[in-house]
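1. okay, here's the prediction I keep looking at, along with the sequence it came from:
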Amino acid sequence: MGLINGVDYSVVNPDDKWKILKTQSRFAFWAFWISSGVIMQGFDIVAGGQLAALPAFREKFGILRPDGSHLIPARYLSAWNSIAPACEVVATFIFAPLLEKFGRKWGILAASFISTGGILLQQLAPDWRMHLAGRGVNGVAIGMMFTISPLWIGETCRPELRGFFLCFFNTSIVFGQFAIVVVSKGSSNIDGKWQWWTPVVAMYIFPIILTAVWPFFPESPYWLVRNGKIDQAKKALQRVYGFKEMEFYDIEVRRLQDEIAFSREVQGNLYARHNRTFLGININAEVECFRATNRKRTWTAIFAASAQQMIGATFVIGYATYFLELIGIKDYFSAAVALYVVMLVASTAAFPLTEIFGRRVLIVVPQFVLCAMLLLIGIMGCVPNKSRASWGIVAFIYLWAIIYQLSIGATGFVLASEIATTRLRTTTQGLITITNAIWGLIMQFTVPYMINPDAGNLGGKVGFIFLATGLIAAVGGWYLYPETKGTSFEKLDELYALKVPPRHFKKAALGTNAPHPMNSEAQSQANPEKQDRQDKCLQSHVEHIAV
């Protein structure tokens with residue numbers, strides 16, 4: 001097989017990842033573009049706390065206090081911030097099965113139009129209820145992009161760089177959080193309605209970007225191959241990569257065909273069965289995710305996404321500006337901007353680190369460190385000298401944010417998106433979106449009651465609450481999270497089928513992980529005795545590790 005740009009693409013070889021990365025400029029553009037829709041979620045996560053910190057917004061939607069100031073009631077904040085994840089859950093149940101039937105591309109355009117309507121409702125809202133409706137409509141669009149973005153990247157990217165490019169997902173969310181903090185700080189110097197209109201109107205940029213480029217965006221080659229549209233898949237791959245060597249596209253199509261064939265061989269062909277549906281939901285696919293052969297990896301994907309919320313992301317990130325104001329930090333907007341700059345840098349640093357150190361290394365131990373930071377934040381909240389304690393809380397929040405973005409913040413989405421079998425990847429990604437949204441709903445509803453002056457007013461003591469849930473996330477991660485760096489989807493299917501404990505995946509894979517040929521299925525059919533010997537060798541190796 002001839003080399004293409006110095007790389008033999010006919011094998012999946014993790015040692016070639018940096019060589020391959022040099023040729024991925026066009027794929028990087030598409031990955032960044034489709035992730036821009038997720039920037040909108042970063043905006044939305046932080047929007048409640050940012051807008052609540054603007055005086056003009058409080059005057060518009062808040063209640064007048066005896067001292068002449070305005071306060072946004074905790075129930076308003078809870079409703080605004082929980083409506084979007086609630087709508088994400090409903091929307092994902094409805095539209096995720098449609099991604100299997102009609103492909104990925106259509107959902108992007110639909111999300112763009114829905115988002116535009118939601119932003120318009122927020123901008124022109126005469127009262128808090130209409131603003132609530134706008135947040136809900138935009139939440140539908142966010143749920144769609146939250147599912148489509150990692151799904152398209154994960155199934156289109158070369159396995160050697162899957163983790164690297166899936167980090168786009170988290171960095172896009174962080175960039176959205178950073179952007180709305182910067183916009184809100186700038187608009188805080190404006191008088192009148194444009195003080196709070198500016199952050200809302202800024203959200204129009206995302207549907208504009210998505211709609212402008214959408215006609216040129218390629219459909220998922222994986223989806224096209226699975227539906228037998230080979231010629232269209234090759235054309236999509238040409239648009240994705242832009243390589244002149246036509247041989248590359250034959251290799252990539254064969255790789256995708258092998259992934260699909262191996263998954264069907266191990267677990268059967270879900271799509272050949274009579275699919276039962278209820279309200280558009282593919283019941284067979286949902287049930288399959290929780291059968292014995294897939295249950296552990298489904299729970300692992302869900303748990304990886306849940307752990308981000310359990311360890312305090314909503315508290316530290318979503319309400320940073322508002323919380324800093326409540327604990328008495330005078331220049332709270334500048335402190336929040338600095339916090340999000342730090343998080344953006346840390347999230348970007350996670351791109352290469354994910355491929356250098358792997359997923360498990362960057363998640364498991366750092367989660368225990370994050371719990372220690374939450375404990376210290378809680379202790380600072382008990383200190384009688386509030387002014388000194390406030391700066392201590394800020395310091396620990398900064399440290400927490402850096403560690404979070406280098407670990408579970410970036411790598412959690414990578415692991416969650418990789419762990420599903422190819423046959424159930426869309427359904428699993430939908431479950432990840434739903435679970436993340438449910439946790440967001442719970443946290444966005446409860447955090448305002450924890451920190452608001454007219455409710456719990458806990459201050460730094462909130463750290464104790466998230467310490468409890470964070471320890472569950474840390475201990476569960478130790479047993480559930482495998483190392484997936486440089487491991488093909490076929491190898492993951494094999495290791496799960498052999499019931500290897502996830503924490504031993506790296507050792508098991510190293511014992512058998514020679515560069516993976518694209519035509520492995522044909523080779524095994526041509527020499528079944530050799531393949532049988534290899535399977536027995538792997539089984540023996542796995543049993544030795546488990547012992």
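-> Sure, I can see it.

2. let me see the contact set for residue 441.
-> Applying Cβ atoms under 8 Å, 6 or more residues apart in numbering, we find residue 441 in contact with 82, 85, 86, 89. No exception for glycine: its C-beta is placed from N, CA and C like everyone else's.

3. so which strand or helix has the first one?
-> Same thing as residue 82. Taking DSSP states H and E as the criterion, residue 82 maps to helix 74-102.

4. now for that helix, which elements pack on it?
-> Under the contact definition 3 or more Cβ pairs under 8 Å, 6 or more residues apart in numbering; DSSP states H and E, helix 74-102 sits against helix 25-52, helix 105-124, helix 128-156, strand 281-282, helix 425-451.

5. can you rerun that using 7 Å?
-> Contact analysis of helix 74-102 by 3 or more Cβ pairs under 7 Å, 6 or more residues apart in numbering; DSSP states H and E lists helix 25-52, helix 128-156, strand 281-282, helix 425-451 as its packing neighbours.

6. so which strand or helix has the residue positioned nearest the centre of the chain?
-> With distances taken as Cα atoms, centre = their mean, residue 413 lies nearest the centre of the chain, 4.1 Å away. Counting by DSSP H and E, the secondary-structure element that holds residue 413 is helix 408-418.

7. name the residues that touch that helix?
-> Residues external to helix 408-418 that are found in contact with it (Cβ atoms under 7 Å, 6 or more residues apart in numbering): 150, 154, 162-163, 166-167, 169-170, 301, 304-305, 307-308, 311, 347, 350, 354, 359, 362-363, 366-367, 429, 432, 481, 484.

8. quick one, that helix and helix 25-52 angle?
-> Orientation note: helix 408-418 sits at an angle of 130 degrees relative to helix 25-52 (axes from the mean of the first three to the mean of the last three Cα atoms, to 10 degrees).

9. what's the weakest-modelled helix or strand in this structure?
-> Sorted by mean pLDDT, DSSP states H and E, the helices and strands of the chain end with helix 520-526, the least confident at a mean of 41.

10. is it true that residue 387 lies in a strand?
-> No: checked against DSSP: H, G, I helix; E, B strand; the rest coil, residue 387 lies outside a strand; its state is helix.

11. and it, how far is that from residue 187?
-> According to Cβ to Cβ, to the nearest Å, residue 387 stands 28 Å off from residue 187.

12. and for residue 324?
-> The span separating residue 324 from residue 187 equals 17 Å under the rule Cβ to Cβ.

13. OK, contacts around the closest residue to residue 145 other than its chain neighbours?
-> Counting by Cβ to Cβ, 6 or more residues apart in numbering, the nearest residue to residue 145 once its immediate chain neighbours are dropped is residue 37, at 3.4 Å. The contact partners of residue 37, taken as Cβ under 7 Å, 6+ apart, are 108, 111, 145, 149, 206, 210.

14. check residue 300 too.
-> 419, 480, 481, 502.

15. what secondary structure does the residue nearest to residue 119 when sequence neighbours are not counted sit in?
-> If you skip the residues right next to it in sequence, residue 119 has residue 203 as its closest partner in space, 4.8 Å away by Cβ to Cβ, 6+ apart. Of the three states, residue 203 takes helix under three-state DSSP.

16. give me the neighbour count for residue 203.
-> Here the number of neighbours of residue 203 (other Cβ atoms under 10 Å) works out to 25.

17. low-confidence stretches in the stretch 151-300 of the chain?
-> For the stretch 151-300 of the chain, residues meeting the criterion pLDDT under 70 lie at 262-286.

18. just the helices in it please.
-> Using DSSP state H, counting those that start in this stretch, the helices of the stretch 151-300 of the chain run over residues 162-187, 194-201, 205-213, 221-226, 230-241, 247-267, 283-289, 295-310.

19. just the angle for the helix holding residue 413 relative to helix 128-156, thanks.
-> For the pair helix 408-418 and helix 128-156, the angle between their directions (the same axes, to 10 degrees) equals 60 degrees.

20. please name the nearest non-neighbouring residue to residue 478.
-> Counting by Cβ to Cβ, 6+ apart, residue 478 lies nearest to residue 364, which is 5.5 Å off, once chain neighbours are set aside.

21. and that neighbour, how close does it get to residue 476?
-> On the measure of Cβ to Cβ, residue 364 and residue 476 end up 10 Å apart.

22. before we move on, what about residue 344?
-> Residue 344 sits 28 Å away from residue 476 when distances are taken as Cβ to Cβ.

23. returning to what we had before: out of the contacts of residue 300, which are buried?
-> Among those, those scoring as buried are 419, 480, 481, 502 (criterion: 16 or more other Cβ atoms under 10 Å).

24. return the subset of these lying in helices.
-> Assignment to helices by DSSP state H places the following of the buried ones among the contacts of residue 300 there: residue 480.

25. where does the protein dip in pLDDT?
-> The model of the chain has pLDDT under 70 over residues 1-2, 262-286, 317-323, 325-328, 332, 422-423, 454, 486, 488, 509-547.

26. residue 306 against residue 435, yeah?
-> Yes: proximity of residue 306 to residue 435 meets the contact threshold set by Cβ atoms under 7 Å, at 5.7 Å.

27. distance of residue 324 relative to residue 196?
-> 19 Å.

28. what do you get for residue 450?
-> The gap separating residue 450 from residue 196 is 24 Å, by Cβ to Cβ.

29. neighbour count for these two, which is higher?
-> Under the criterion of other Cβ under 10 Å, the comparison of residue 450 against residue 196 puts residue 196 first, with 26 against 20.
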